[in-house]
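>>> Quick one: sequence and predicted model below, then my questions.
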Amino acid sequence: MTWRESLRPRLIAVDAAVLGGLVVGANFLFDRANLGWTALNPSPYLLVPLLLGGRYGFAAGLASGGATTLVVGLLRIVSAGGDLRSTFAAGPYHALAFLFVGGIAGELFAWFRRERAQAEAQLEKLQTSVRRLDADVRYLRGVKDELDRVVATRDGEASALDSELRRLYACQADELPREILQFLKRQARIVDAALYTGAETGEIRRLALVGQDAFLPPTLEIGRHAVVQLAATRRSLVALPELLQRKEAPEGEPILLAAPLRNADNRLHALLVVTGLPFVNFTPQAVNLIAMICDWSGEVLDLAEHASGRYRIVNGRTPQRLFSRVHFRHLLQLSLQAHRNHRLPSSVVVFSLPGRKPADQGRFESVLLEAVRAGDYAAELGHPVPHVAVLLPLIGERGANIFVERCRHFLQQGPLAGETLAVRRVELGRIDRVDDVFAELDRPEAPAS
C-alpha cells in the first residue's frame, strides 16, 4: 500500500473510530469517575490526534483533534453536567491541545514522508520507463528477427556461389561444360540451355545440354539467331528484350539470351544459349547473375586449357599456380563486378616477410601455397620483400579472417615457424576501383607477428 492509498477517507474514519473507541473504553474501565481523563496531564485522549495525524497527515490530525475535543466535552457533560460552552471555557487547554497535537503530528508526518513520496514518484516514473523500454526491446527483437530472415533469404542462391565455383575447379576438363550448366540451373533457374563452342561466325557445336533440345540442336548456325550473333560479336550477354526494344528480333525467336564464356584476352571459350527460363526469374538481377557465372566459368575453362602466360607453376608437395600481376588485375575486375551487381564482397590477403631478401621469395611461395585452396587465386605483385597475394572470390570479412588464421597456423607448424609475418587484408566491397585496390596492396606496412 502506498502513502497515497493510505489517505483514503474510509480508512481514516475506521481507524479513528477504532482508536477512539479503545481510549473511551479504557477511560470507562479504569477511571469512570474522570470521564474525558482531563485530570491527567497529559490526557490519554491525546493519543487519538497524535496517532492519526502521524499516520495520515495534517488534515487527518486536525480533524481527529477536533473530534476528540468534542468527545471529551460530551463525556464531561455526562459526568459533571453543564453544556459544551461552559465545559470548554472551564478547560480551554484541552480543546486547543488536541487540535495542536493533531496538527503538529500531521506536519511531522509530511516531513518524514516527503522523501518517501519523492522516492515512490521516482520509482513510478522509472517503472513506466522500464515498461516502455521493454516494449521497445520486444519490438526491436521482432525487427531483428525479421531482418535476419530477410538477410538469410535475400540473394539466397547467390550466397552459395563461392562453394559452387570451387566445385568447378575440381572437375575434369571434359566434365566442365555439363557442370557449368548444372551450376546455372541451380543458381539462375535456367530450364533449357546449352553450351556451344566454335568460330564467331558459321556453325557452332554443342558441348553440353540441360533440359529439352527442341531449339538447341547439336549444331547451331550463328547467323540465324540475332541474339546469338550479337552476343558472339559483342562478347557480352545479350537478352531478347534488348533486341525487342530495338525491333531487331524476328518473330518467334526461341532464344531468350546468349552469354559468352571468355578469357582475360576476350577470346571466346564457349557460348551459353538459353531457350527456357521461368518468366518470374527472367529479371535484370537474374540476367546479371548469369553474366557473372559465365565470366567466372570462362576463367575456369581458361585454366583448364592451361591459360598460357597467365601464371607460373610453383613446385612443392602439390604444384600450385602463381598468377601474374596483369592477370590478377583481371580477376580483381571480375570480383568488383560481382560486388557492384550483387553486393557480394571479395577479399585480398597479402602475406609477406618484412626484412627478408627477395632471394627468399621462392621458398616463401612453396611453403605458403600449400595452404591455398583450389579456387583461391595467388599472385606475385612485384614487392621488394618475399610476399604472396591471395584473392578470395566472393568471400567477405569473416571468411577472410578464418583463412588468415588458418594460414598463420599452417606457417607456424612448418619450415617458417618463428619468422615475422606481415598480413594485409583488403575487402573489395569497400574499394570499387582496381587502381585503388593495387594502391592499397602496394602500400608498405609495418611488420606484424
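Nice, I can see it. Residues are numbered from 1 along each chain as shown.
>>> Okay, strands next: where are they in this protein?
All strands of the chain, identified by DSSP state E, fall at 192-198, 203-210, 219-221, 238-239, 257-262, 268-276, 311-314, 320-323, 347-352, 377-379, 387-392, 422-427.
>>> For the ones you listed, give me a markdown table that also has mean pLDDT.
Listed next are the strands of the chain as a markdown table, based on pLDDT from 0 to 100:
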| stretch | mean pLDDT |
| --- | --- |
| strand 192-198 | 92 |
| strand 203-210 | 93 |
| strand 219-221 | 92 |
| strand 238-239 | 92 |
| strand 257-262 | 94 |
| strand 268-276 | 93 |
| strand 311-314 | 89 |
| strand 320-323 | 90 |
| strand 347-352 | 93 |
| strand 377-379 | 94 |
| strand 387-392 | 94 |
| strand 422-427 | 90 |
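>>> Just list whatever residues bridge to residue 257.
In this entry, residue 257 is beta-bridged to residue 239, residue 274, by DSSP bridges.
>>> again, but for residue 349
The residues that residue 349 bridges to, once DSSP bridges is applied, are residue 390, residue 425.
>>> Would you tell me which helix is longest in this structure?
helix 92-153 (DSSP state H).
>>> How far away from the center of its chain is it?
Offset of helix 92-153 from its chain centre (Cα atoms, centre = their mean, to the nearest Å): 35 Å.
>>> Kindly report the same for stretch 381-393.
Using Cα atoms, centre = their mean, the offset of stretch 381-393 from its chain centre is 33 Å.
>>> List the buried residues for stretch 372-381?
Buried positions in stretch 372-381, judged by neighbour count with 16 or more other Cβ atoms under 10 Å: 372, 375-381. All C-beta atoms are positioned from the backbone trio N, CA, C, and that covers glycine.
>>> Just name the closest of those to residue 204, please.
residue 375 (28.5 Å; Cβ to Cβ).
>>> Report pLDDT for the closest one.
For residue 375, the model assigns a pLDDT of 85.
>>> Test my guess that it contacts residue 393.
Yes. The pair formed by residue 375 and residue 393 meets the contact definition of Cβ atoms under 8 Å, at 7.0 Å.
>>> what is in contact with those two at once?
In terms of Cβ atoms under 8 Å, 6 or more residues apart in numbering, residue 375 and residue 393 are both contacted by the residues 162, 165.
>>> which residues does residue 51 contact?
19, 105.
>>> roughly how far apart are it and residue 111?
17 Å (Cβ to Cβ, to the nearest Å).
>>> quick one, what contacts residue 357?
Counting by Cβ under 8 Å, 6+ apart, residue 357 touches residue 386.
>>> where does the stretch 151-300 of the chain have low pLDDT?
151-159, 199-201, 249 (pLDDT under 70).
>>> How is the protein partitioned into domains?
Using automatic domain parsing, the domain parsing of the chain gives 5-128, 160-304, 311-442.
>>> Could I get the full set of helices for this structure?
Going by DSSP H, the chain shows helices at 9-30, 47-56, 58-80, 84-90, 92-153, 161-169, 176-188, 226-234, 240-245, 284-304, 325-342, 361-368, 397-413, 434-442.
>>> right, so the ones you listed: which one is the most enclosed?
With neighbours defined as mean count of other Cβ atoms under 10 Å, those peak in mean count at helix 47-56, which reaches a mean of 24.
>>> how far is that one from where the chain is centred?
The mean C-alpha position of helix 47-56 is separated from the chain mean by 61 Å, Cα atoms, centre = their mean.
>>> Quick one: mean pLDDT for it?
72.
>>> sorry, back to before: show me what the longest helix of the chain is packed up against.
helix 47-56, helix 58-80 (3 or more Cβ pairs under 8 Å, 6 or more residues apart in numbering; DSSP states H and E).
>>> so which of the ones you listed gets nearest residue 368?
Comparing the helices and strands packed on helix 92-153 under Cβ to Cβ, the one sitting nearest is helix 47-56, at 84.3 Å.
>>> got the angle between the closest one and helix 9-30?
For helix 47-56 against helix 9-30, the angle by axes from the mean of the first three to the mean of the last three Cα atoms, to 10 degrees is 150 degrees.
>>> Please identify which two of the buried residues of stretch 372-381 are farthest apart in space.
Farthest pair in those, by Cβ to Cβ: 375 and 381, 19.8 Å.
>>> Throw the domains of the chain into TSV and include distance to residue 134, thanks.
As requested, those are exported to TSV (distance: least, Cβ to Cβ, whole Å):
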stretch	distance to residue 134
domain 5-128	10
domain 160-304	39
domain 311-442	32
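>>> ok, back up a step: tilt between the longest helix of the chain and helix 47-56?
Using the same axes, to 10 degrees, helix 92-153 lies at 20 degrees relative to helix 47-56.
>>> returning to what we had before: need the strands of the chain in a markdown table with distance to residue 42, can you?
Output for the strands of the chain, formatted as a markdown table (distance: least, Cβ to Cβ, whole Å):
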| stretch | distance to residue 42 |
| --- | --- |
| strand 192-198 | 108 |
| strand 203-210 | 108 |
| strand 219-221 | 120 |
| strand 238-239 | 105 |
| strand 257-262 | 107 |
| strand 268-276 | 107 |
| strand 311-314 | 108 |
| strand 320-323 | 106 |
| strand 347-352 | 90 |
| strand 377-379 | 101 |
| strand 387-392 | 93 |
| strand 422-427 | 87 |
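>>> which one of the ones you listed lies closest to residue 283?
Of the strands of the chain, nearest to residue 283 by Cβ to Cβ is strand 238-239, at 10.4 Å.
>>> Tell me the gap between that closest one and the middle of its chain.
Mean-position distance between strand 238-239 and its chain equals 37 Å (Cα atoms, centre = their mean).
>>> List the contacts of it.
227, 230-231, 256-259, 287.
>>> same thing with stretch 216-227?
192-194, 196, 200-206, 209, 228-229, 232, 238-240, 243, 248-250, 253, 255-258, 273, 275.
>>> Next, the buried residues of it.
For stretch 216-227, by 16+ other Cβ under 10 Å, it's 216, 220, 222, 225-227.
>>> One more: stretch 268-281?
268-277.
>>> Please produce TSV containing those residues, extended by distance to residue 309.
Shown next, in TSV, are the buried residues of stretch 268-281 (distance: Cβ to Cβ, whole Å):
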residue	distance to residue 309
268	18
269	16
270	20
271	24
272	26
273	30
274	32
275	36
276	38
277	37
